[in-house]
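Asker: Quick check, what structure comes out for this input:
(one chain, ligands or ions: 1)
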Amino acid sequence: MIIKISKDLKKEEIWAQGVELASIMGKDRVKGKRVITFPEKDKMFVTSIKNPVLITDNYKIAQLNPTLRDTLFSLFSSKHRIFEYDGVITISDASHVNVWSPSIDTVLFAKGLANIFQTKKNFKTAVEIGTGSGFLGKYTLAKCGSLEEMLVIDINPYAIKSAMDNIKDPRAVFFTGDGIKKIKNQKFDLIICNPPYVPRPKSIDDNPYEGVGVLNYLIHDGTKNLNKGGVFLTNISSLCWGLVMRTKPNLPYKIIAKMRVPLKVNNILNNESWLNYLVRERGLKRKFERGYEYWQEIFIVAFYN
Ligand SMILES: C[S@@+](CC[C@H](N)C(=O)[O-])C[C@H]1O[C@@H](n2cnc3c(N)ncnc32)[C@H](O)[C@@H]1O
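Answerer: Here you go, the predicted structure:
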């Protein structure tokens, strides 16, 4: 399937492509002959969703007419997903095991990056910590022509595989491992990180959503890794704002973009003690709204050196 998000984030388009035309969209014969599959480039528009607050919004999908609903559920379960925002495309497939594919916070982050590049165009060196699919690294390289080198890091080796599959740019250098250890003693003009941001008592900071260790380091000490005039762009959730901003950051900062979104990580929602902690101590609101019980606000924040 193909997911295209409009530049202003107000529209999500869903397209079927390749084999899905024959297996889901009813195009299984051409001129009376059986067709098993179609070339990858063949595509068909299916529907669009207004004002998405999630990339896979099961609630909105469930409100559609039954055929469209079931078509979308089949498309969303496809292991092959093409994601497009502002002319930048990444592909996810079954070889990208447990990789965080582009989500609503990814596109809000990209919108924040575009905003930064409007006023500051002379970044030469950059690093992305926690690249996941590679979308934001690819977006940065595509939109920032002055960049000479970008270090792309993730602790999950399959995320680095995904980033390498998607970023075919000679300026990109890839590293698998802990981003904080890797950037020690290095300086960059631009640091980007859409980090894990859900606090958890005794958290282990090595996965897409749990813990605030990476974020806390970057906000308070990562400034050592920033050249004069450099920018650090990150995503801070209302769930961890009070923790990571409790001590005043050394650098001035500005909120570039924000959005209220449901918290839709099953592993958290199914963990009673973690969920209770978030509700009791981290301000997670429990209020059934637009199909979801738990909501948070995410803020794309730029720190300026
Ligand atoms: C919320 S996901 C963001 C993925 C992607 N940048 C995006 O915006 O779609 C966070 C990513 O950080 C990675 N990660 C978590 N801890 C890390 C660490 N200590 N060093 C490097 N990467 C880390 C995870 O594997 C995951 O891919």
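
Asker: Mind jotting down where the helices sit in the stretch 151-300 of the chain?
Answerer: Using DSSP state H, counting those that start in this stretch, the helices found in the stretch 151-300 of the chain span residues 157-166, 179-183, 213-220, 241-244, 266-269, 272-281.

Asker: mind checking which of those helices is nearest the ligand?
Answerer: helix 179-183 (3.5 Å; C-beta to the nearest ligand atom). C-beta here means a position set from N, CA and C on the backbone, and glycine is covered the same way.

Asker: For the closest one, give me every contacting residue.
Answerer: By C-beta atoms under 8 Å, 6 or more residues apart in numbering, the residues outside helix 179-183 that reach it are 127, 129-130, 151, 153-155, 175, 191, 193, 213-214, 217-218, 222, 225.

Asker: which pair in the residues you listed spans the largest distance?
Answerer: Maximum pairwise distance among the contacts of helix 179-183 (C-beta to C-beta): 19.5 Å, between 151 and 213.

Asker: which one of those two has more residues nearby?
Answerer: Comparing residue 151 with residue 213 by other C-beta atoms under 10 Å, the one with more neighbours is residue 151, at 21 against 17.

Asker: Residues in a beta bridge with that one, which ones?
Answerer: residue 127, residue 173 (DSSP bridges).

Asker: Using PDB, write out the CA atom coordinates for stretch 183-202.
Answerer: Taking Å, rounded to 0.1, in the frame of the first residue of the first chain, the C-alpha atoms of stretch 183-202 are listed here in PDB:
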ATOM      1  CA  ILE A 183      28.200  11.000  19.300                       C
ATOM      2  CA  LYS A 184      30.400  11.400  22.400                       C
ATOM      3  CA  ASN A 185      33.300  13.800  21.500                       C
ATOM      4  CA  GLN A 186      31.700  14.700  18.200                       C
ATOM      5  CA  LYS A 187      30.000  18.000  17.200                       C
ATOM      6  CA  PHE A 188      27.300  18.600  14.500                       C
ATOM      7  CA  ASP A 189      25.500  21.600  13.000                       C
ATOM      8  CA  LEU A 190      22.200  19.800  13.300                       C
ATOM      9  CA  ILE A 191      21.100  17.000  15.600                       C
ATOM     10  CA  ILE A 192      17.700  15.500  15.100                       C
ATOM     11  CA  CYS A 193      16.000  12.900  17.300                       C
ATOM     12  CA  ASN A 194      12.400  11.700  17.400                       C
ATOM     13  CA  PRO A 195      13.100   9.800  20.600                       C
ATOM     14  CA  PRO A 196      11.400   7.300  22.800                       C
ATOM     15  CA  TYR A 197       9.300   9.500  25.100                       C
ATOM     16  CA  VAL A 198       7.100   7.400  27.300                       C
ATOM     17  CA  PRO A 199       8.400   7.500  30.800                       C
ATOM     18  CA  ARG A 200       8.400   4.200  32.700                       C
ATOM     19  CA  PRO A 201       9.800   3.400  36.100                       C
ATOM     20  CA  LYS A 202      13.100   1.500  35.800                       C
END
